[in-house]
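Undergrad: dropping a prediction and its sequence here:
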Amino acid sequence: MLPCEFTDDRGTPGEGVSEGDEEAVNEHQQWPALDHQHVKGTLQHLHRLSQIAGKYTLTDLFEPGWGSIVLDVTARGLRTPTLRQHGTTFEVHYRLHDGDVIIETESGSRTLQLRSRSVAEFFVEFGEACDALAMPSPGSPLACEIPDGVRLDLDTEHREWDPVAAKDIWAALNRACMTWSAPGDRWWSLR
């Protein structure tokens, strides 16, 4: 568990927290158990699969701070921001709770399964879904963001996908987001 000190909006530790809110504070401080050995394979697979959606920002005009795409943690998984390229508006949602990826455009959607397989197989299926939706395929298949990374379209290693580990990863990411957003909450802030 990471140490956090919660304060009310006056900055006084513990003051202003009603008795009923103490349970919420305690729940807010609890980090989910995350056994790295248990989630390692799925985490590595998810990292490589999420690189595919991240390629879309590399084709946009460069702005300071761009070069990777930030995925929002949603109630079901991870999602790109709404992207607009080549006359198409779209989003990619990695739904870790449902075990799928939904690619949505203004004209429709396609669903891909998150399962044990190679990244190259997923990359091909992702590209086929993009073609069916008349949207651009991801840019370069280079895995520049991963040290010694194999091109995504050539990564034929069979990779593990564990739905329970995927939910554990989501829980940890969601908890981290709760912590980072705490300063805007009603009565506590991190300091």
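TA: Cool, the structure landed. Numbering: from 1, shown residues only.
Undergrad: you'd agree residue 42 is in a strand?
TA: No. Under DSSP: H, G, I helix; E, B strand; the rest coil, residue 42 falls outside any strand and is assigned helix.
Undergrad: would you check how far apart it and residue 164 are?
TA: 9 Å (C-beta to C-beta, to the nearest Å). For every residue, glycine as well, the C-beta is placed using N, CA and C.
Undergrad: from residue 76, how far out is residue 91?
TA: From residue 91 to residue 76 the distance is 13 Å (C-beta to C-beta).
Undergrad: compare residue 42 and residue 164 and say which is more crowded by neighbours.
TA: Each of residue 42 and residue 164 has its neighbours counted (other C-beta atoms under 10 Å); residue 42 has more, 23 against 10.
Undergrad: tell me who's in contact with the residue positioned nearest the centre of the chain.
TA: Per C-alpha atoms, centre = their mean, the C-alpha nearest to the average position across the chain is that of residue 78, at 3.4 Å. Shown in contact with residue 78 (C-beta atoms under 8 Å, 6 or more residues apart in numbering): 50, 71-72, 93-94, 96, 170, 173.
Undergrad: count of residues packed around residue 33?
TA: Neighbours of residue 33 (other C-beta under 10 Å): 9.
Undergrad: A helix includes residue 54, no?
TA: Yes. The assignment for residue 54 (three-state DSSP) places it in a helix.
Undergrad: in the sheet, who's paired with the residue nearest to the centre of the chain?
TA: On the basis of DSSP bridges, residue 78 is bridged to residue 73, residue 94.
Undergrad: thinking again about what came up before, any idea which of the contacts of residue 78 is closest to residue 148?
TA: residue 50 (18.0 Å; C-beta to C-beta).
Undergrad: and the helices in this protein, which stretches?
TA: Under the criterion DSSP state H, the chain contains helices at 19-29, 36-58, 119-132, 163-181.
Undergrad: so can I have TSV of those showing mean pLDDT?
TA: Output for the helices of the chain, formatted as TSV (pLDDT from 0 to 100):
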stretch	mean pLDDT
helix 19-29	53
helix 36-58	88
helix 119-132	96
helix 163-181	88
